[in-house]
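Enquirer: Generate coordinates for the sequence data below:
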Amino acid sequence: MQLLKEKNEVISFSSIGGLIQSKDRQRQKIATWNRFWQPDLVTATAENLVESGNAYGFKPDTFKAFYELLDTEFQPLKIGDYEVVKSFAIDDFIVKDKNGTTITSLVKINGPHINTVRDMFKDTPNTLLIDRQEVNETFLGNLKNDFNSLLGYSLIVVLLILFLFYSRFSLTLVTSIPIFLTWFLTVGIMGLFGIEFNIFNIIICSFIFGLGVDYSIFITNALFTEYCTGEKTLPTHKTSIILSVITTIAGVGVMIFAKHPVLYTISLVSIIGILCAAFVSFTIQPLLFQLFIGSFKKRPISPRYLLHSVGSFGYFGVGGLLLSIYARVKLQIWPKSRARPNLGFHKTVSKLMGSVLYTNPFVSKKISNTHNENFEKPAMLIANHTSFLDILAIGMLHPKIIFLVNDWVYNSPVFGSAAKLAGAYPVSAGMEKGERYLKEKVAQGFSLIAFPEGTRSSGNTIKRFHKGAFYLAEQFELDLLPVLIHGNSEVLPKGSFIIRDGSITIELLPRIKPNDTRFGKTYTERAKNIGRFFRTEFRRLRDKIETETYWQKTLLEHYRYKGDAVFSSVKKDFEHYKRTYSQILGIVGKKDSVVHLSKDMGQLDLLLALDSIQRKIGVYLDDIEARKLLRNNFLTHQYSKITVLDTVSEAMNQTANVLVLDSDVFDFASLKNEKLAVFDTIILLKTGMKLPIHDIKTIGFTISQQGDDYIVLLKI
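Expert: The predicted structure follows:
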């Protein structure tokens, strides 16, 4: 060690070897002592001391102890003999037990020279070199690993408990993601400020993890209550969390003023973790809830819907961008190429559009072409428009189709160049200005496509047809080719970016020749009459496709997060009465005004609205919680004309021509005859069939239709 110190490879060392010698070494020292102190030398020394001492007044026995020491026969010292030395504790260096004796030496080493010391002692028998820093790091590393394992097990348990409690994967996801984010954010800030993990930080992190779980559950429960009933409970829960943050910081955070580094670290990590948990709960978690669960302004979506939608639109975006890059280069090199047919480019665009629709296996596609349309002869295609997917559906029919598009498509940085090379024409420029260009495209064998409604409609309704497409058809003497598109309003509704499960049906109707006067002689007359014809044909297609289970998924989707009991009740009710509900949808007119008195959860009212958004419905539900749920339902706000009323008298004062009674809990005698007489149709449904039908007949009604679960009475 001394040699290493002289080489500056060791800063200092502390060893028992400087005081305690081995027995062999002691024997050597004793032998040297004895050789020096021969009897003659001892006698001469003693005589010399006595003689010299007399001169200074010392007695002859003054140095007697020394003489005895010289006559002593020394033996090697044992370990126990050193205990009489009080200036140091021998136990700090030597430990003896049944396994043997361990002698410890403490060495302070320059970091770069640690390997030199290891190499020097690696072949020394019965010698173990322990690096305190390495031991601490190993211990802390093992502690971190154990903590991470514990954290992982805890997360699994928390996730299982959350799933068992909420019974919905999306709610579990909304609650658990903030827990992960709080942890990552806390660790990230610790790394940013150079705060290293130690045993105390790890303990505090467990504490933070628990609070993060609590905050996430509080916010989820508050948002869930608001989603179900509309009651504003979130501010109360936020206040509770803020009080928790304040009390925690007051109790633990004040230690940040402590000078002890451990107390300071505990306090700092606590403050960072608590603030991160509160921040994530207040900001990110409501956004996650809005995304997956929704509100009365937004539909709920599942994680699978989100992944499929991102994948489909990502694929379409990348494909469109590549085509636009190609188109931009080509247009810059050959500016007049836009006027050329570019049939290969059209085929590629058509294939891309069709392939996007087929990226989602949960959306079925069907094209009905009973009249064998082959698009060999140019035509003016007219189609209803409810979704962005309508463009893709038309585009995949045939490559030789020119779109009349809005400005955002034509000027889009992603699709704009591709749209220009594909021959698209912006309708904002005016039909008259584009006649020459479009006529050239028709001469090249291209058909034109226009959505005469002008904008996308909400739900399965068809708005008034504008005249532009019919004007062009008249000017170019083109056949009109009506195309019915069904299902896109459910798969990708207006204003949504989420592709849902469903079915898309495209039906091509027979061509309408330019000289066909059944729909009028001028383009103005044809726009009006063909619009009426289009609505009739679309209603026929809807009646064919929309079977008794068509709206089941949509209906249940909007009750899925209203509580397990509510969801189960609505699901069982629909499964039992789905045929009856389908018959009721056919009996009630598409534009009728309805008053509905019920003890259900409002499922029939939503079905009536989904079937026809033009129905005006005033509903009284016997259960006040059911009224809250229906009033706060997304479909009630966005896709219906439903008014939820709080009393029977309010409902009966509504102006309507259809009355639906599906419960016998109401006091029928209180429904005065003059109130009932204002209706043209009364439908008794479920237990409502127990009401006194004879009394209804006496005020001028007769049974027109009857099933197992309903009776329809019409005014005579």
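Enquirer: who are the neighbours in contact with the residue nearest the centre of the chain?
Expert: Central residue of the chain (Cα atoms, centre = their mean): Leu288, 5.5 Å from the mean position. Leu288 sits next to 173-174, 177-178 when contact means Cβ atoms under 8 Å, 6 or more residues apart in numbering. Where you see a C-beta, it was placed from the backbone N, CA and C, and this is true even at glycine.
Enquirer: buried sites along the helix or strand containing it?
Expert: In the assignment (DSSP states H and E), Leu288 maps to helix 285-292. Across helix 285-292, burial judged by 16 or more other Cβ atoms under 10 Å covers 285-286, 288-292.
Enquirer: Helix or strand next in line after that helix, which one?
Expert: Helix 285-292 is succeeded, C-terminally, by helix 303-333 (DSSP H and E).
Enquirer: Could you identify the helix or strand that succeeds the top helix by length along the chain?
Expert: Scanning the chain for the longest helix, with DSSP state H as the assignment, gives helix 132-166. Of the helices and strands lying after helix 132-166 in sequence (DSSP H and E), the nearest is helix 169-192.
Enquirer: Helices of the stretch 501-650 of the chain, residue ranges please.
Expert: 523-545, 552-557, 564-587, 603-611, 624-631, 634-638, 648-652 (DSSP state H, counting those that start in this stretch).
Enquirer: List the contacts of the first one.
Expert: Which is helix 523-545. Contacts for helix 523-545 (Cβ under 8 Å, 6+ apart): 382, 384, 452, 460, 462, 464-467, 469-471, 473-474, 480, 482, 484, 486-487, 503, 505, 507, 509, 512, 518-520, 586, 590.
Enquirer: Pull the distance from that helix to the chain's centre.
Expert: Relative to the chain's own centre, helix 523-545 is displaced by 41 Å; criterion: Cα atoms, centre = their mean, to the nearest Å.
Enquirer: Convert the C-alpha atoms of that helix to CSV, please.
Expert: Only the C-alpha atoms of helix 523-545 are listed here, as CSV (Å, rounded to 0.1, in the frame of the first residue of the first chain):
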residue,chain,number,x,y,z
TYR,A,523,-82.5,21.9,-66.2
THR,A,524,-84.4,23.8,-63.5
GLU,A,525,-87.3,21.4,-63.7
ARG,A,526,-85.1,18.4,-63.9
ALA,A,527,-83.1,19.5,-60.8
LYS,A,528,-86.3,19.6,-58.8
ASN,A,529,-88.0,16.5,-60.1
ILE,A,530,-84.9,14.3,-60.2
GLY,A,531,-84.2,15.4,-56.6
ARG,A,532,-87.7,14.1,-55.6
PHE,A,533,-87.0,10.9,-57.6
PHE,A,534,-83.6,10.5,-55.9
ARG,A,535,-85.2,10.7,-52.5
THR,A,536,-87.8,8.1,-53.3
GLU,A,537,-85.2,5.7,-54.6
PHE,A,538,-82.9,6.3,-51.7
ARG,A,539,-85.8,5.6,-49.3
ARG,A,540,-86.4,2.3,-51.2
LEU,A,541,-82.7,1.4,-50.8
ARG,A,542,-82.8,2.3,-47.1
ASP,A,543,-85.9,0.1,-46.5
LYS,A,544,-84.1,-2.7,-48.2
ILE,A,545,-80.8,-2.4,-46.3
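Enquirer: quick one: terminal-to-terminal distance for stretch 327-345?
Expert: 9 Å (Cα to Cα, to the nearest Å).
Enquirer: quick one: contacts of that stretch?
Expert: Counting by Cβ under 8 Å, 6+ apart, 323, 326, 399-400, 417-418, 420-423, 437, 440, 444-446 sit against stretch 327-345.
Enquirer: Which members of those residues are positioned in helices?
Expert: Going by DSSP H, the helices hold 323, 326, 417-418, 420-421, 437, 440 from the contacts of stretch 327-345.
Enquirer: Redo those as TSV? Include neighbour count.
Expert: What follows is the ones in helices among the contacts of stretch 327-345, written out as TSV (neighbours: other Cβ atoms under 10 Å):
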residue	neighbour count
Leu323	21
Tyr326	15
Ser417	24
Ala418	25
Lys420	19
Leu421	22
Tyr437	14
Glu440	12
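Enquirer: returning to what we had before: buried among the contacts of helix 523-545? Make that a PyMOL selection.
Expert: Filtering these down to the buried ones (16+ other Cβ under 10 Å) takes a single PyMOL command:
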select buried, resi 382+384+452+460+462+465+466+467+469+470+471+473+474+480+482+484+486+487+503+505+507+509+512+519
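Enquirer: Just to be sure, which of the contacts of helix 523-545 are found in strands?
Expert: 382, 480, 482, 484, 486, 503, 505, 507 (DSSP state E).
Enquirer: Enumerate every residue touching the closest residue to the second one other than its chain neighbours.
Expert: Pointing back at Leu480 there. Leaving aside its sequence neighbours, Leu480 sits nearest to Ile512 (Cβ to Cβ, 6 or more residues apart in numbering; 4.1 Å). For Ile512, the contacting residues are 479-482, 519, 530, by Cβ under 8 Å, 6+ apart.
Enquirer: Could you let me know which of the ones in strands among the contacts of helix 523-545 ends up closest to Glu557?
Expert: Ser503 (15.7 Å; Cβ to Cβ).
Enquirer: pretty sure the closest one contacts Ser489?
Expert: No - using Cβ atoms under 8 Å, Ser503 is not in contact with Ser489, being 11.8 Å away.
Enquirer: Near Phe36, how many other residues are there?
Expert: When neighbours are defined as other Cβ atoms under 10 Å, Phe36 has 9 of them.
Enquirer: do Gly707 as well
Expert: 13.
Enquirer: and what of Phe121?
Expert: With other Cβ under 10 Å as criterion, Phe121 counts 10.
Enquirer: Was I right to think it contacts Ile130?
Expert: No - Phe121 lies out of contact with Ile130 (Cβ under 8 Å); the separation is 11.0 Å.
Enquirer: residue contacts, Leu659?
Expert: 594-597, 676, 679, 681-683.
Enquirer: Distance of it relative to Gln583?
Expert: 17 Å (Cβ to Cβ, to the nearest Å).
Enquirer: what do you get for Lys521?
Expert: 42 Å.
Enquirer: And the two? Which one has more around it.
Expert: Gln583 (18 against 11).
Enquirer: ok, and the closest non-adjacent residue to that one?
Expert: Nearest non-adjacent residue to Gln583 (Cβ to Cβ, 6+ apart): Gly707, at 6.3 Å.
Enquirer: likewise Phe679?
Expert: Leu659 (4.4 Å).
Enquirer: three-state assignment of the one you found?
Expert: Following DSSP: H, G, I helix; E, B strand; the rest coil, Leu659 is assigned to strand.
Enquirer: Look up which residues are beta-bridged to it.
Expert: Per DSSP bridges, the residues bridged to Leu659 are Val595, Ile682.
Enquirer: Can you list the low-confidence ranges for the stretch 401-550 of the chain?
Expert: 429-432 (pLDDT under 70).
Enquirer: just to revisit the earlier point, redo the contacts of Leu659 as a markdown table? Include distance to Val310.
Expert: As requested, these are exported to a markdown table (distance: Cβ to Cβ, whole Å):
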| residue | distance to Val310 |
| --- | --- |
| Val594 | 40 |
| Val595 | 44 |
| His596 | 40 |
| Leu597 | 44 |
| Leu676 | 54 |
| Phe679 | 49 |
| Thr681 | 47 |
| Ile682 | 49 |
| Ile683 | 44 |
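Enquirer: Take those residues and lay them out in a markdown table including distance to Ile545, pLDDT and neighbour count.
Expert: Output for the contacts of Leu659, formatted as a markdown table (distance: Cβ to Cβ, whole Å; pLDDT from 0 to 100; neighbours: other Cβ atoms under 10 Å):
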| residue | distance to Ile545 | pLDDT | neighbour count |
| --- | --- | --- | --- |
| Val594 | 24 | 96 | 26 |
| Val595 | 29 | 95 | 28 |
| His596 | 26 | 95 | 26 |
| Leu597 | 31 | 94 | 22 |
| Leu676 | 36 | 85 | 20 |
| Phe679 | 31 | 93 | 22 |
| Thr681 | 26 | 95 | 21 |
| Ile682 | 30 | 94 | 23 |
| Ile683 | 25 | 95 | 24 |
